[in-house]
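Enquirer: how would this look folded up:
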Amino acid sequence: MMGDSLIIEDGINVQAIVLKGQQATLETSHAVPAPAKGEVLIRPTRMGVCATDLELCKGYMGFNGVLGHEFVGVVEEAADAKGKKWVGKRVVGSINCVCGKCDMCKAGLSTHCRNRTVLGIQDRDGAFAERFTLPAINLYEVPDNLDDDQAVFTEPLAAAYQILQQLTIEGRPYITVLGDGRLGLLCAQVMSQLNATVRCVGKHPDKLERCEKWGVKHRLLADVGLRQDQDIVVDCTGSASGFTTAMAMVRPRGTIVMKTTVAVTEQTEPIDLSPLVINEINVVGSRCGPFAAALDALSSEKIDVLSLISRRMRLSDGVEALRTASKPGVVKVLLEP
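Expert: Numbers count the residues shown, from 1 in each chain. Here you go, the predicted structure:
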């Protein structure tokens, strides 16, 4: 257990899942953060465990602090007038906290802000706590017709919709979403909205069977021939080996969309990148996406997220939730306060 002193604000003992040196622990006496200028204080009502959280625990980004970036919650306090209108509202929020002044921000590329902090990922405590802070400018109000179980998927679904903003779809391309985990199954649903032939390829029949409900074609990786015949491959494997498989699937001058981020260790196998040159393959990195599009899709029931929920656990069981999320057959683990 980290910390021996009991920190109380307004009679509340704050719990948080804190990562320090690749060791996640439950801290029962975490200090209630004070919102800085332009920020608000949020009480999360639902949180989602993401593959990125698991990679952070392996050393990805060298992050230390409170984990968590997928959330829905209620704004309790505002530091100043910028956040006053949000008090009492149920919100989700984009995870990149930006300066608004650097060359990237001025060029309209604020998600690549030179000075950004990222909720629960880079230099900013995250949402796996009973209270956390976020800039008011990052917030989006949750429609009344969405419950917390749906709204908590806004951030990963927005990441899936980012692909549509990055690709130009011509003809009726063959698209493979590689990976049957949390993000892969969301991307498969989003990509199936295109004028394209879409399939989801993975290693777990119990995960892939959800595609039946959505009318999305699906195959086991072991049953797929690697014939370099796909126009677009979206790598959602969460594995360093996924990129090698994607290169074996995509056609010459095709496109690989990279959604995978992994911690690189001494055991990580080197990747032969020569196929990128030989076959003139386009590689598109894809990260955060449009929250408005994700909320609209959830509100209009275009995307099924409830079928992805495997377990609901308490924040106090957050360390065990991280272990559970990494087990075979588990798609999405949600945390409640």
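
Enquirer: Near the closest residue to L334 other than its chain neighbours, how many other residues are there?
Expert: What sits nearest to L334 in space, not counting adjacent residues and going by CB to CB, 6 or more residues apart in numbering, is R312, at 5.0 Å. For the C-beta atoms, the positions are set from N, CA and C on the backbone; glycine is no exception. Neighbourhood size, R312 [other CB atoms under 10 Å]: 13.

Enquirer: Do me a favour and average the pLDDT over the helix or strand containing R312.
Expert: Per DSSP states H and E: R312 is located in strand 309-314. In this model, strand 309-314 has a mean pLDDT of 98.

Enquirer: what do you get for stretch 188-205?
Expert: The model assigns stretch 188-205 a mean pLDDT of 97.

Enquirer: Quick check: buried residues in it?
Expert: 188-192, 194, 196, 198-202, 204 (16 or more other CB atoms under 10 Å).

Enquirer: do stretch 285-297 as well
Expert: 286, 288-291, 293-295, 297.

Enquirer: coming back round to it: pull the most distant pair out of the buried residues of stretch 188-205.
Expert: L194 and H204 (24.4 Å; CB to CB).

Enquirer: And the residue nearest the centre of this protein?
Expert: The centre of the chain sits closest to P156, judged by CA atoms, centre = their mean, with a distance of 4.0 Å.

Enquirer: Wait, a helix at that residue?
Expert: Yes. Under DSSP: H, G, I helix; E, B strand; the rest coil, P156 falls within a helix.

Enquirer: and it, what does it touch?
Expert: 48, 50, 70, 182-183, 186 (CB atoms under 8 Å, 6 or more residues apart in numbering).

Enquirer: same thing but at 6 Å, please
Expert: Neighbour list for P156: 183, 186 [criterion: CB atoms under 6 Å, 6 or more residues apart in numbering].

Enquirer: Ok, the one 5 residues further on next?
Expert: Residues near Y161 by CB under 6 Å, 6+ apart: 190, 289-290, 293-294.

Enquirer: biggest separation within those, which pair?
Expert: So, the contacts of Y161 by CB to CB: farthest apart are V190 and P290, at 11.4 Å.

Enquirer: Outline the domain layout of this protein.
Expert: 8-153+305-336, 157-285 (automatic domain parsing).

Enquirer: ok, which stretches of the stretch 151-300 of the chain are helices?
Expert: 154-166, 182-191, 205-208, 210-214, 242-249, 274-278, 291-299 (DSSP state H, counting those that start in this stretch).

Enquirer: Would you mind finding the most buried of these?
Expert: Counting by mean count of other CB atoms under 10 Å, helix 182-191 has the highest mean neighbour count of the helices of the stretch 151-300 of the chain, with a mean of 27.

Enquirer: other SSEs contacting that helix?
Expert: helix 154-166, strand 174-178 (3 or more CB pairs under 6 Å, 6 or more residues apart in numbering; DSSP states H and E).

Enquirer: Now render these as JSON lines, adding mean pLDDT.
Expert: Formatted as JSON lines, the helices and strands packed on helix 182-191 follow (pLDDT from 0 to 100):
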{"stretch": "helix 154-166", "mean pLDDT": "97"}
{"stretch": "strand 174-178", "mean pLDDT": "98"}
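
Enquirer: For G100, find the nearest of these.
Expert: Using CB to CB, the helices and strands packed on helix 182-191 put helix 154-166 closest to G100, at 20.2 Å.

Enquirer: show me where pLDDT drops low in this protein?
Expert: 1-12 (pLDDT under 70).

Enquirer: same thing but 80
Expert: Filtered on pLDDT under 80, the chain yields the residue ranges 1-13, 266-267.

Enquirer: So the residue lying closest to G93 once chain neighbours are set aside versus F132, what's the distance?
Expert: Nearest residue to G93, sequence neighbours excluded (CB to CB, 6+ apart): N138, at 4.4 Å. Separation of N138 from F132 (CB to CB, to the nearest Å) stands at 12 Å.

Enquirer: ok, now T168?
Expert: On the measure of CB to CB, T168 and F132 end up 38 Å apart.

Enquirer: Equivalent analysis for G181, please.
Expert: Following CB to CB, the distance that separates G181 from F132 is 25 Å.

Enquirer: Tell me which of the two has more neighbours.
Expert: F132 (30 against 21).

Enquirer: Tell me the backbone dihedrals of the more buried one, please.
Expert: Phi and psi for F132, reported as degrees, to the nearest 10, are phi -150, psi 170.
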